[in-house]
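Enquirer: My questions concern the predicted model and sequence given below.
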Amino acid sequence: MRDLKFKRAFCLIMVALSCVSVPAYAAQAAPNEDPAPREKAGLPETDIFLFDIILGQAPSLSNPRNVTTRAGYDNQPSFTADSQSFLYSRGDDYQTDVYEYDIKIGTSTQITNTITSEFSPVSSPDNTTISFVSDGPGAAQTIVTMQRDGSGKTSNLLPGDTLREPIGYYAWNHGTGDVLYWSRYGFNVSLTDTDGAQSRYISGNAVPSTPYVIPSTNKFSFVHRQGDESVWIKELDPETHSVRPLTALNGPNANYAWAPDGSVFIIQDDGLYRWQVGMDGWADVAELPDYGIEGVARLSFSPDGKSLAVVGLAVTP
């Protein structure tokens, strides 16, 4: 009798379970069913061009060459401390990974291979680690560090409370541990450090642009839009948290770069310009279409001041 009751109860449970609806996201595709198509990232077509440069009162460019000649996204070059190579973000239709271009050999090597996208790669001063912004489905949208010992071991650079706002761009002073980052949704810059648990709000109305550690200092620079709509490169002292203006931009592009001699370079309408303390405005350096390059926005200097990388496209005949 007890066996009969058990069988009846078991049947009722199975009937009840058969009526439960399974959410669509829990259903798995049949073995021969095609997976859902991946969403394309919509990355722009860009190449990285390398120049030899001589700094000084009248900087001069020479030996331009396209070092990433291919279809696709090649962007955000950042030189290693020894000036022998640069890291960059290379993408296909769907995502990006970090690559490294060896200047002497003239070849690129893939550094990361993930299901997410990596942007803004930077090498540590001793080149034992790299850092980058991780983005995409499943990514924390924060700064990640990765060992260069072949293990591929990664970790988040910043403590948990500093991740309230996803990070778009950042500058990390490896000597002091200070990190200045631009919030991709808040359009503000905040200061934190690798040992702390809190971030300090510095300024709103920050323009999307990579912050930098100013050469030969522990201070940072970032781009800020004023109330009168003028846009300025400003300096932040991480010890006093004071901010002072350096120079107003001379056009709509906010992607600038510091040269190792302490001057600032920027590209506006394919023209290369330079500013340094004591100058009244920006000085013309070169017209990049004269070197077969157009649509240029980003640029980066090697620490030894001998190489300049710019991002753009070959001039269309």
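Expert: Right, received. Where do you want to start? Numbers count the residues shown, from 1 in each chain.
Enquirer: now the nearest residue to residue 153 once chain neighbours are set aside, which residues is it bridged with?
Expert: Among residues not flanking residue 153 along the chain, residue 147 sits closest, at 4.6 Å (Cβ to Cβ, 6 or more residues apart in numbering). The way it works is simple: take the backbone N, C-alpha and C, and place the C-beta from them, glycine included. In this entry, residue 147 is beta-bridged to residue 129, by DSSP bridges.
Enquirer: Just want the phi and psi numbers for residue 291.
Expert: The phi/psi pair for residue 291 (degrees, to the nearest 10) reads phi -100, psi 10.
Enquirer: can you pull the contacts of it?
Expert: 49, 51, 61, 64 (Cβ atoms under 8 Å, 6 or more residues apart in numbering).
Enquirer: per-residue confidence at the second one?
Expert: By that I understand residue 51. Looking at residue 51, its pLDDT stands at 98.
Enquirer: sorry, back to before: show the contacting residues for the residue nearest to residue 153.
Expert: 128, 129, 153, 154.
Enquirer: Contact partners for the last one?
Expert: This means residue 154. By Cβ under 8 Å, 6+ apart, the contact list for residue 154 reads 144, 145, 146, 147.
Enquirer: which among those residues end up buried?
Expert: 144, 145, 146 (16 or more other Cβ atoms under 10 Å).
Enquirer: what about the helices in the protein?
Expert: 2-18 (DSSP state H).
Enquirer: residue closest to the middle of this protein?
Expert: Closest to where the C-alpha atoms of the chain average out (Cα atoms, centre = their mean) is residue 120, at 2.1 Å.
Enquirer: OK, contacts around that residue?
Expert: 76, 78, 89, 132, 133, 169, 170, 210.
Enquirer: Find the nearest non-adjacent residue to it, please.
Expert: Nearest to residue 120 is residue 133, by Cβ to Cβ, 6+ apart, at 4.9 Å.
Enquirer: now residue 82
Expert: Distance criterion Cβ to Cβ, 6+ apart; nearest residue to residue 82, sequence neighbours excluded, is residue 127 at 7.0 Å.
Enquirer: does that neighbour really touch residue 80, like I thought?
Expert: Yes. Residue 127 is within contact range of residue 80, at 5.4 Å (criterion: Cβ atoms under 8 Å).
Enquirer: burial count for the closest residue in space to residue 167 that isn't next to it in sequence?
Expert: Counting by Cβ to Cβ, 6+ apart, residue 167 lies nearest to residue 181, which is 4.7 Å off, once chain neighbours are set aside. A count of neighbours around residue 181, defined by other Cβ atoms under 10 Å, yields 29.
Enquirer: Then the one 4 residues further on?
Expert: Residue 185: 9 surrounding residues under other Cβ under 10 Å.
Enquirer: Is it in contact with residue 166, as I believe?
Expert: Yes. Counting by Cβ under 8 Å, residue 185 does reach residue 166; the two are 6.3 Å apart.
Enquirer: Now do the contacts for the residue nearest to residue 167.
Expert: 143, 167, 168, 169, 170, 171, 189, 190, 192, 199, 211.
Enquirer: and with 6 Å instead?
Expert: Shown in contact with residue 181 (Cβ atoms under 6 Å, 6 or more residues apart in numbering): 167, 170, 190.
Enquirer: Rank those by pLDDT and give me only the lowest.
Expert: residue 167 (91).
Enquirer: ok, residues contacting stretch 268-282?
Expert: Stretch 268-282 is contacted by residues 247, 250-251, 253, 263-266, 283, 285-289, 294, 296 when judged by Cβ under 6 Å, 6+ apart.
Enquirer: Repeat that for stretch 225-236.
Expert: If you take Cβ under 6 Å, 6+ apart as the criterion, stretch 225-236 is touched by 205, 207, 219-221, 223-224, 243-249.
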